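Enquirer: missing the sequence, but the structure's below:
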DNA sequence: TGTAGTTTGTGTCGGTTTTCACAAACTCTG
DNA sequence: CAGAGTTTGTGAAAACCGACACAAACTACA
């Protein structure tokens, strides 16, 4: 139905209504997320139009970078004017796959797990942690808000029954690989990994690594000079 | 016969006993952190020597990458043999500025702040959260382990008195910039930022951004395809 | 000692990403 | 409506980064 190239509209319409093209790099997507945040903020402040320059300043990149990034997905701007905040927010939302409901499972109900569970940023963008698992029988059965903590052995069944799409790993380092394998076997294709160290998973599974130690070590290096 | 270790040789010696040279990229430092983790693990398992190939496999990169990264800081390996685990661990430790005591302040004693405070990975690598601040009077005065939560208004004085080197920001988004400015004014030159959005600070201040939402949005994009 | 095997360190190449710079497209004002 | 001013979109250049491949340096063992 949708031709990927130049639109079907004859009328000399050069616009590309395109939304999903060949894979963009993680760096590009990360920047899009920043733009998105700025756009939401601008929308809240009733800003109607925003230029690549302003968007760039607020996101900490160059204006050329903003234009290149956006033009990869379509011609969203108006020359001489800039970008319509409302429209662009919608476009970026669609590109990033936001604006819908994602079913997320949290595995590991320790300190970090609890903080992630309570973090409002996830839910605000459609990522709902509706299932929590832990291997510790002492934790199992606990009630967090409306969510019961269940043993990880139930992960497989729950994933199938509730269509869990993303797993957040917040377990001890020793258990990380084992749990990751369980997640994969449960049919979940995306992992947000908060454990240190490398996870080995099939190529079809997407992994994003958030490593707290590495972040602070990078600071330490900079300070040491 | 080049000198292998020591290196007391005067000039004409091509070796670089160098430890800190011109800025390496954040990507390089991030990989060094991964190597470091593998080295510590290997040391614990009484592995005496490790090749770039093995180190690469365990870190999820190519062996050429490992050698390039390490050779940027010195000639640590022995051809035909590999790297001495003990020595290399020490070298990387020194490059990253680990193996010493860092005085860290945590600002924001909410859920995330508490999880970060309890995270053992920091202390294990020398980053000691010895000061906790919060603006909420309800929190102020609470005792976490041996650390009293103090009002942020005391940050400036505490930073000077105790030589705080790194600040971890875990405050609500709205307060982020304001608190960051306070941190800078207190003379702290490194910030590990867990709040969403861009911080504006002088160029002399190092900032590393850990953005939970952006990480999960990148997954969402990938799943959306 | 000599020779076969191993592994590092690095020059070089290829690809990707970012920046630059400018024409085209549009707005705005008088 | 015309002309001045703005801003996008995008080729082209530059910078950056990782992979490759191989000589040099070392080990190991007969």
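Expert: Arrived safely. This structure is a prediction, so every number in the text was calculated from the model and none was measured.

Enquirer: and the gap between residue A:23 and residue A:206?
Expert: Shown here: residue A:23 relative to residue A:206, a distance of 11 Å by C-beta to C-beta, to the nearest Å. (C-beta placed from N, C-alpha, C; glycine too.)

Enquirer: the more surrounded of the two?
Expert: residue A:206 (18 against 11; other C-beta atoms under 10 Å in any protein chain shown).

Enquirer: which residues does the more buried one bridge with?
Expert: residue A:190 (DSSP bridges).

Enquirer: so it makes contact with residue A:190?
Expert: Yes - at 4.7 Å, residue A:206 and residue A:190 qualify as touching, with contact defined as C-beta atoms under 8 Å.

Enquirer: could you find the closest non-adjacent residue to residue A:130?
Expert: Among residues not flanking residue A:130 along the chain, residue A:103 sits closest, at 5.7 Å (C-beta to C-beta, 6 or more residues apart in numbering or on different chains).

Enquirer: get me the contact residues on chain A for DNA strand C.
Expert: Contact residues (C-beta under 7 Å from any atom of the strand) of chain A with DNA strand C: A:25, A:27-28, A:61-62, A:64-65, A:67-68, A:78-81.

Enquirer: neighbours of residue A:162, how many?
Expert: For residue A:162, the neighbour count with other C-beta under 10 Å is 12.

Enquirer: surely it touches residue A:103?
Expert: Yes - counting by C-beta under 8 Å, residue A:103 is a contact partner of residue A:162 at 6.1 Å.

Enquirer: quick check: neighbours shared by the two?
Expert: A:130-131 (C-beta atoms under 8 Å, 6 or more residues apart in numbering or on different chains).

Enquirer: what subset of the residues of chain A next to DNA strand C is buried?
Expert: A:28, A:61, A:65, A:67 (16 or more other C-beta atoms under 10 Å in any protein chain shown).

Enquirer: looking at these, which two lie furthest apart in space?
Expert: The span of these, defined through C-beta to C-beta, is set by A:28 and A:67 at 12.6 Å.

Enquirer: which strand in chain A has the most residues?
Expert: strand A:127-134 (DSSP state E).

Enquirer: mind listing the strands for chain A?
Expert: Under DSSP E, chain A gives strands at A:49-50, A:77-78, A:82-84, A:102-107, A:127-134, A:143-144, A:147-151, A:166-169, A:190-193, A:206-209.

Enquirer: show me what the first one is in contact with.
Expert: So the one you mean is strand A:49-50. Here strand A:49-50 makes contact (C-beta under 8 Å, 6+ apart) with A:38-39, A:42, A:81-85, A:88.

Enquirer: where does chain A get nearest to DNA strand C, residue-wise?
Expert: Proximity of chain A to DNA strand C (C-beta to the nearest atom of the strand) peaks at residue A:80, 2.3 Å away.

Enquirer: pLDDT score for that residue?
Expert: Per-residue pLDDT puts residue A:80 at 96.

Enquirer: now residue A:70
Expert: For residue A:70, the predicted pLDDT is 98.

Enquirer: same question, the one 5 residues further on
Expert: Note on residue A:75: pLDDT of 96.

Enquirer: how close does it sit to residue A:63?
Expert: For residue A:75 relative to residue A:63 (C-beta to C-beta), the value is 16 Å.

Enquirer: who's in contact with residue A:197?
Expert: Per C-beta under 8 Å, 6+ apart, neighbours of residue A:197: A:173, A:176-177, B:37.

Enquirer: same question for residue A:211.
Expert: By C-beta under 8 Å, 6+ apart, the neighbours of residue A:211 are A:194, A:196, B:33.

Enquirer: ok, 7 Å please
Expert: Counting by C-beta atoms under 7 Å, 6 or more residues apart in numbering or on different chains, residue A:211 touches residue A:196.

Enquirer: one more: residue A:132?
Expert: A:106, A:109, A:117, A:144, A:147, A:149.

Enquirer: please repeat the previous calculation with a cut-off of 6 Å.
Expert: Residue A:132 makes contacts with A:106, A:109, A:147, A:149, as judged by C-beta atoms under 6 Å, 6 or more residues apart in numbering or on different chains.

Enquirer: restrict those residues to those near chain B?
Expert: Among the contacts of residue A:132, no residue sits close to chain B (C-beta under 6 Å from any C-beta of the partner chain).

Enquirer: among those residues, name the buried ones.
Expert: Buried subset of these (neighbour count, 16+ other C-beta under 10 Å): A:106, A:109, A:147, A:149.

Enquirer: quick one: neighbours of the closest residue to residue A:196 other than its chain neighbours, just the number.
Expert: Using C-beta to C-beta, 6+ apart and skipping residues adjacent in sequence, the residue nearest residue A:196 is residue A:173, 5.3 Å away. For residue A:173, the count of nearby residues is 13 (other C-beta under 10 Å).

Enquirer: for residue A:208, the count of nearby residues, please.
Expert: So residue A:208, with other C-beta under 10 Å, has 18 neighbours.

Enquirer: give me the longest helix you can find in chain A.
Expert: helix A:26-44 (DSSP state H).

Enquirer: that helix and DNA strand D in contact?
Expert: No - applying C-beta under 7 Å from any atom of the strand, one finds helix A:26-44 out of contact with DNA strand D, separated by at least 10.3 Å.

Enquirer: what are the contacting residues of that helix?
Expert: By C-beta under 6 Å, 6+ apart, helix A:26-44 touches A:50, A:55, A:58-59, A:69, A:85, A:88-89, A:92, B:214, B:217-218, B:221.

Enquirer: repeat that for 7 Å
Expert: Helix A:26-44 is contacted by residues A:50, A:55, A:58-59, A:61, A:66, A:69, A:85-86, A:88-89, A:92-93, A:95-96, B:196-197, B:213-214, B:217-218, B:221 when judged by C-beta under 7 Å, 6+ apart.

Enquirer: list the contacts for residue A:62?
Expert: So residue A:62 contacts residue A:56 (C-beta under 7 Å, 6+ apart).

Enquirer: hmm, I typed the wrong one, I wanted residue A:147.
Expert: Per C-beta under 7 Å, 6+ apart, neighbours of residue A:147: A:130-132.

Enquirer: thinking again about what came up before, how far away is the residue nearest to residue A:196 from residue B:76?
Expert: Residue A:173 is 26 Å from residue B:76, by C-beta to C-beta.

Enquirer: re the thing from before, check contacts around the residue nearest to residue A:130.
Expert: Contacts of residue A:103 by C-beta under 7 Å, 6+ apart are A:128, A:130, A:162-165.

Enquirer: among those, which ones are buried?
Expert: Buried members of those, scored by 16+ other C-beta under 10 Å, are A:130, A:164-165.
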